[in-house]
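**Student:** quick one, structure for this:
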Amino acid sequence: MGDHLDHDMHANSLRALGTLDVGERERQIIDAYVAAGVPQTDRQIKERLGFEDMNAVRPRITDLIDDLILREVGSTKDHVSGKRVRLVEVRP
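**Tutor:** Model (predicted):
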């Protein structure tokens, strides 16, 4: 599955994340991944941020993956749909 974030993310990495030029929603998503400390599904991020609609996070997570800020590290079974879904983390 690759290297996973721990709560002991290097201080330089945290500072670099803080300087990214991203929108408010993207910042919330990045912060949610950092706070979780382990890979998350799109639904877990949606729930962590209190959004009702998956479209509040899913397209932005995909954009952050495309921008090389986040990365897919595997998959897991979604606790609502029962389908396999991506697990994502902040790139080290």
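**Student:** check which helix or strand covers residue 52.
**Tutor:** In the assignment (DSSP states H and E), residue 52 maps to no helix and no strand.
**Student:** helices of the protein, residue ranges please.
**Tutor:** Secondary structure of the chain by DSSP state H: the helices cover 11-18, 24-36, 42-49, 58-66.
**Student:** pLDDT below threshold where in this structure?
**Tutor:** Within the chain, the ranges that satisfy pLDDT under 70 run 1-21.
**Student:** mind checking how far the residue nearest to residue 28 when sequence neighbours are not counted is from residue 72?
**Tutor:** Excluding the flanking residues, the one nearest residue 28 by Cβ to Cβ, 6 or more residues apart in numbering is residue 49, at 5.7 Å. Heads up, the C-betas are built off the backbone N, CA and C, glycines and all. Between residue 49 and residue 72 the distance is 19 Å, computed by Cβ to Cβ, to the nearest Å.
**Student:** ok, now residue 44?
**Tutor:** Counting by Cβ to Cβ - residue 44 and residue 72 are separated by 14 Å.
**Student:** let me know the outermost residue of the protein.
**Tutor:** residue 82 (20.0 Å; Cα atoms, centre = their mean).
**Student:** stretch 82-92: which residues count as buried?
**Tutor:** 85-91 (16 or more other Cβ atoms under 10 Å).
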